[in-house]
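K.L.:
Next input, structure requested:
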Amino acid sequence: MKPLALACESMSTLMPTIKLENLTKHFDDIIALDGINLDIRDQEFFVLLGQTGAGKTTTLRCIAGLDLPENGAIYLDNQQINHLTPAERDVAFVFQAHILYPYLTVYENMAFPLHPRGLSEAEIGNRVTEIASMLHIEHLLHRKPNQLSGGETQRVGLGRAMVRRPQLFLMDEPISNLDAKLRTEMRAEIKWRQRQLETTTLYVTHDQIEAMSMADRVAVLEAGRVQQVGTPTEIYDHPANLFVAGFIGNPSMNLIPCQLATSGERVYLELIEGHRMPVTDEKIAHTLTASGGDRNLVLGVHPEDLLISTEHAPEAIPVEVYSFEPLGAETIVDVVLGKDKAGDDIILQSRVGMTFEVRIGQTLWMNCVPERIHLFEGDTGEVLC
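P.N.:
Residues are numbered from 1 along each chain as shown. From the prediction side, this is the model:
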């Protein structure tokens, strides 16, 4: 089989799909990847999102050939590549720390991966200047790495990968070391350049803001397993289980233990301390009653769907203001619903407008947007509706 690196050196329009089948990887007795199955589409910006130790970087390293899986298959552009060396896979790996050669100029750093490919100096110069112009770093080409800022270093590291015109970009938290302002700028920069190059990109991050703002689709990983795959909107609006619900969103979804109760034809959720919340959405009520009521449930409500008011309303639940965080365009208000079985406060978060004024200790009245609540099985954590 002809190595992928030689198959399309000059064919920048040929982009691959990536397929992972039952990918398994151990480090001694630690399971890093536990049967990963993923399909990444042609030209897609696909994000692996998860906490430290979820298996994100190991997945990238297996695709790149830096780690070898014990089981499973990796396909790139419909060719199984498990047997290929890293050099033969024609992928560009952008690491978290961009290590540039300190004795080389920016131009020489960017040109470095092109020399083994047998390109002429004119071809190398054209590629470097083209990418440098694209990344707005052409004025830096004669500087040394110690003369660059953090953001400039990031762009040079990205440019060094881009000049290769690889089939696939693998990016491992490439902007996590930057300050907040530069991260925001680089998120837009990376996504825009990926669109220009039309190169399939697999991007790893633990930062859900990065994932939600950059991804075409997201895979949420936890302990080496894929918990859910979908667009950012799908994952936010329809989390598959309690882990995803508690991980996605800033602030994340409020999760409240509850049980099903009925009174005549009305359906309620029994919360703590005798609080009852009516289920008025007919579709959700039907799903709950059809599935039976003798089990533990968890109510999930996004902060923007947890409605608080200074005015009492029928069947509203009293809560007490615990704290609040003005953020300019909005305010996050923490309220106490009551105490759990261990005697700890159950604190919920509501997203309100900047003009909503509260004080600590104030009593407010809580409701939820009826059609926007989520119910999960308390024992398995799987979504019910």
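
K.L.:
Just list whatever residues bridge to the residue lying closest to F95 once chain neighbours are set aside.
P.N.:
Leaving aside its chain neighbours, F95 sits nearest to D172 (5.5 Å; criterion: Cβ to Cβ, 6 or more residues apart in numbering). Just so you know, the C-beta spots here come from the backbone N, C-alpha and C atoms, and that holds for glycine as well. D172 has these beta-bridge partners by DSSP bridges: V204.

K.L.:
State the number of residues packed around R295.
P.N.:
By the other Cβ atoms under 10 Å criterion, the neighbourhood of R295 contains 13 residues.

K.L.:
Tell me how the chain divides into domains.
P.N.:
Domain assignment of the chain by automatic domain parsing yields the ranges 4-247, 254-377.

K.L.:
Ends of the last one, what's the gap?
P.N.:
Pointing back at domain 254-377 there. Terminal residues of domain 254-377 lie 15 Å apart, using Cα to Cα, to the nearest Å.

K.L.:
related to what we said a few turns ago, quick check: which of the domains of the chain is buried the most?
P.N.:
Of the domains of the chain, the one with the most neighbours on average (mean count of other Cβ atoms under 10 Å) is domain 4-247, at a mean of 18.

K.L.:
Give the rounded mean pLDDT of that domain.
P.N.:
Domain 4-247 shows an average pLDDT of 89 in the prediction.

K.L.:
isn't the residue nearest to F95 right up against A92?
P.N.:
No: look at D172 against A92 with Cβ atoms under 8 Å: they stay out of range, at 11.5 Å.

K.L.:
Phi first, then psi, for the residue lying farthest from the centre of the chain.
P.N.:
Computed with Cα atoms, centre = their mean, the residue of the chain farthest from its C-alpha average is G264, at 43.5 Å. Here the main-chain torsion angles of G264 (degrees, to the nearest 10) amount to phi 70, psi -120.

K.L.:
roughly how far apart are A211 and L49?
P.N.:
Taking Cβ to Cβ, to the nearest Å as the measure, A211 and L49 are separated by 4 Å.

K.L.:
before we move on, what about S149?
P.N.:
In this structure, S149 and L49 are 28 Å apart, going by Cβ to Cβ.

K.L.:
Identify all contacting residues around the longest helix that the chain contains.
P.N.:
Within the chain, and with DSSP state H defining each element, the longest helix by residue count is helix 180-197. For helix 180-197, the external contacting residues (Cβ atoms under 8 Å, 6 or more residues apart in numbering) are 12, 45, 134-135, 150-151, 154-155, 158, 162, 169, 171, 174-176, 178, 201, 203, 210, 213-214.

K.L.:
Report the distance from stretch 63-79 to the chain centre.
P.N.:
Between the centre of stretch 63-79 and the centre of its chain there are 22 Å (Cα atoms, centre = their mean, to the nearest Å).

K.L.:
Determine how far the last residue of it lies from the first.
P.N.:
Taking Cα to Cα, stretch 63-79 runs 12 Å from one end to the other.

K.L.:
Quick check: nearest residue in space to G353, chain neighbours excluded?
P.N.:
Nearest non-adjacent residue to G353 (Cβ to Cβ, 6+ apart): E330, at 6.4 Å.

K.L.:
coming back round to it: with distance to V383 added, can I get the domains of the chain in a markdown table?
P.N.:
Compiled in a markdown table, the domains of the chain are given as follows (distance: least, Cβ to Cβ, whole Å):
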| stretch | distance to V383 |
| --- | --- |
| domain 4-247 | 6 |
| domain 254-377 | 6 |
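
K.L.:
Looking at those domains, spot the one closest to C385.
P.N.:
domain 254-377 (4.1 Å; Cβ to Cβ).

K.L.:
From the chain's centroid, how far away is the helix or strand hosting A132?
P.N.:
Element membership for A132 (DSSP states H and E) is helix 121-134. Relative to its parent chain, helix 121-134 has a centroid offset of 33 Å by Cα atoms, centre = their mean.

K.L.:
ok so, going back, which ones among the contacts of helix 180-197 map onto strands?
P.N.:
Counted as lying in strands by DSSP state E, out of those, are F45, F169, M171, T201, Y203.

K.L.:
List the contacts of the third one.
P.N.:
Counting by Cβ under 8 Å, 6+ apart, M171 touches V94, I190, T201, L202, Y203, V204.

K.L.:
how close does the second one get to G65?
P.N.:
Separation of I190 from G65 (Cβ to Cβ): 23 Å.

K.L.:
Now do the contacts for the nearest residue to R127 once chain neighbours are set aside.
P.N.:
Take R127 and drop its neighbours on the chain: the residue closest to it by Cβ to Cβ, 6+ apart is V163, 4.7 Å away. For V163, the contacting residues are M110, A111, P113, L114, R127, V128, I131, taking Cβ under 8 Å, 6+ apart as the criterion.

K.L.:
try L148
P.N.:
Applying Cβ under 8 Å, 6+ apart to L148 gives the contacts V106, L140, V156.

K.L.:
Surely the last one touches H136?
P.N.:
No: between V156 and H136 there is no contact, the gap being 11.4 Å when judged by Cβ under 8 Å.

K.L.:
Distance check, T58 against F93.
P.N.:
If you go by Cβ to Cβ, the gap between T58 and F93 works out to 13 Å.

K.L.:
same thing with E189?
P.N.:
Taking Cβ to Cβ as the measure, E189 falls 19 Å from F93.

K.L.:
in this protein, which spans are helices?
P.N.:
For the chain, the helices identified by DSSP H occupy 4-7, 56-64, 106-111, 121-134, 150-162, 180-197, 208-214, 232-237, 242-247, 282-291, in order along the chain.

K.L.:
Grab the nearest non-local neighbour of A97.
P.N.:
In space, not counting the residues next to it along the chain, A97 is nearest to N177; the distance is 6.9 Å by Cβ to Cβ, 6+ apart.
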